[in-house]
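[1] what would the 3D arrangement of this be:
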Amino acid sequence: MTIDQSARRTGTEPAEFLGPSRTAVTLRINGREQFAVVEPRTSLLDALREHLHLTGTKKGCDQGGCGACTVWVDDRRVLACLTLAVAAEGREITTIEGVARGEELHPVQQAFIEADGFQCGYCTPGQIMSAIKCIEEGHAERDEDIAEWMSGNICRCAAYQNIREAVRLGRDAMRERDGELP
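    Okay, the predicted model is just below:
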């Protein structure tokens, strides 16, 4: 049994297993508290994927250059590969797994499907996380603004035209959902 399995099974902090190179973190992810034992240098991305098995957030460049790992911390978009898991403790983390409401997709997720805003799909979770914030921040009125405010999210398949269309469709759907006039 590994340290992580033991910690997950009991739900308590296994102090006897913690050494100078391991630390226990409690992360509030998608409205639920999750517990993991990690090295202090573990990125939020690696904690999500390797320790908590939330694999929707993708590892692209692992250097902050592609945006595939975009999540929200305290309702702001961040690159999970550049954020330490220990720095996210006590903060509200939202991953792609947390944007849908039950079985109902978020309007931007649905828009990506309708606009064919993905090719291989690898960057799509990060694109969607950024697109939602781009819309909420008011940066989705013009294609130029969408391109600028989404520029931190790279698509190797170059589906940018469809991604911008998805952002526009998602923007309109979010406004309709929230009772605002388009």
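
[2] distance-wise, check the closest residue to residue 135 other than its chain neighbours relative to residue 121.
    In space, residue 135 comes closest to residue 171 once its chain neighbours are excluded; the distance is 4.7 Å by Cβ to Cβ, 6 or more residues apart in numbering. Using the backbone N, CA and C atoms, a C-beta is placed for each residue, glycine as well. Distance, residue 171 to residue 121, by Cβ to Cβ, to the nearest Å: 21 Å.

[3] one step back: quick one: the residue nearest to residue 135 is in a helix?
    Yes. Judged by DSSP: H, G, I helix; E, B strand; the rest coil, residue 171 forms part of a helix.

[4] out of residue 171 and residue 121, which sits in the more crowded spot?
    Just comparing residue 171 and residue 121: by other Cβ atoms under 10 Å the higher neighbour count belongs to residue 171, 24 against 13.

[5] separation between the more buried one and residue 51?
    Distance of residue 171 to residue 51, given as Cβ to Cβ: 35 Å.

[6] quick one: mean pLDDT over stretch 93-109.
    Per-residue pLDDT over stretch 93-109 has a mean of 97.

[7] identify all contacting residues around stretch 160-180.
    Stretch 160-180 has contacts (Cβ atoms under 8 Å, 6 or more residues apart in numbering) with 107-108, 110-112, 114-118, 127, 131-132, 134-136, 140, 143, 146-147, 150, 155, 181-182.
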